[in-house]
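Participant: predicted model follows, preceded by the sequence.
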Amino acid sequence: MTYDTLASYYDDLVKDEQATQDWVQWIQRFQKPCDFLELACGSGEITHCLENLGYTMTALDLSQPMIDRAKAKDDRITFTCQNMKDLSNFGQFDAIACLCDSFNYILSKAEIEAFFKEVAMHLKAGGHFFFDTHSLDRLKEFHEEWNETGTFEDGLKYQWSITSEDDWIYQDFAFYLKNGQVIQEHHLQRVYEPEFLAQAFQKYFTVVDVCTDFFEPGICEGEKYFYVLERKAEI
């Protein structure tokens, strides 16, 4: 799950300007410009949009190739290559975000509980934590394997498949080089029930808002759940 090859083609595969604007506008509804930390920032599309709107951005990602691509877009932002589950080298922020299904790369319930605590410890009292997560409907959607094949502008062919089993989502990428070599990357995500998430964060946060697919209030049928949490004064 290192994005070593995928990083070079990540924007070609998943860049969606409308979705980026939806994420940014969702954040703007609850948080004016502030000192903001983005976890698992990927290639930095949302990071750069927020910076341009006056947010003071700090961002990190586990993949150095992703960080390199994000840095190339804007040198005003502090980018760090590190695991989002350990923020001990950071101070406190007004807001923290974990977006674009990155939350689902945390693979155990114990890690989820520890992650909420870690985020809370690096938020100022009353600070906001924004995150989205795959909905339970995504598990049904990918019960039958989904496949996409194509060719990038440089001629590299690829195959992208997604399937689910129990509460796991498997994403597999194959890149077919011109010399006949095949490079594969495998990504594993876990989907959690909303009831568990509520129990896991209640010690540290109160709920500001929960919606589905940006615009539908509450937990309902859709692809993603969106949470805005506020750090409690005493934790």
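Facilitator: Noted; the coordinates are in hand. Numbering: from 1, shown residues only.

Participant: burial check on residue 72, number of neighbours?
Facilitator: Residue 72 has 10 neighbouring residues, counting by other C-beta atoms under 10 Å. No exception for glycine: its C-beta is placed from N, CA and C like everyone else's.

Participant: mind listing what's buried along the longest strand seen in the chain?
Facilitator: Ranked by residue count, the top strand of the chain under DSSP state E comes out as strand 123-134. Buried residues in strand 123-134, defined by neighbour count with 16 or more other C-beta atoms under 10 Å: 123, 127-134.

Participant: same thing with stretch 13-27?
Facilitator: So, applying 16+ other C-beta under 10 Å, buried residues of stretch 13-27: 20, 23-24, 26-27.

Participant: stretch 169-177 too?
Facilitator: Within stretch 169-177, the residues that count as buried by 16+ other C-beta under 10 Å are 169, 171-176.

Participant: immediately after the longest strand of the chain, which helix or strand?
Facilitator: Per DSSP states H and E, the first helix or strand lying C-terminal to strand 123-134 is helix 136-141.

Participant: CA-only coordinates of that next one in CSV, if you can.
Facilitator: This file holds the C-alpha atoms of helix 136-141, laid out as CSV (Å, rounded to 0.1, in the frame of the first residue of the first chain):
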residue,chain,number,x,y,z
LEU,A,136,-21.7,0.0,4.4
ASP,A,137,-23.4,0.2,1.0
ARG,A,138,-19.9,0.1,-0.6
LEU,A,139,-19.4,-3.5,0.7
LYS,A,140,-22.6,-4.5,-1.2
GLU,A,141,-21.5,-2.5,-4.3
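
Participant: before we move on, back to that, which strands or helices does the longest strand of the chain pack on?
Facilitator: Applying 3 or more C-beta pairs under 8 Å, 6 or more residues apart in numbering; DSSP states H and E, we find strand 123-134 packed against helix 17-30, strand 93-98, strand 224-231.

Participant: where among the ones you listed is average confidence lowest?
Facilitator: With a mean of 94, helix 17-30 has the lowest mean pLDDT of the helices and strands packed on strand 123-134.

Participant: name the helices or strands packed onto that helix?
Facilitator: Secondary-structure packing of helix 17-30 (3+ C-beta pairs under 8 Å, 6+ apart): helix 45-52, strand 123-134.

Participant: export these as a markdown table, with columns for distance to residue 211 and mean pLDDT.
Facilitator: Shown next, in a markdown table, are these (distance: least, C-beta to C-beta, whole Å; pLDDT from 0 to 100):
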| stretch | distance to residue 211 | mean pLDDT |
| --- | --- | --- |
| helix 45-52 | 17 | 95 |
| strand 123-134 | 10 | 98 |
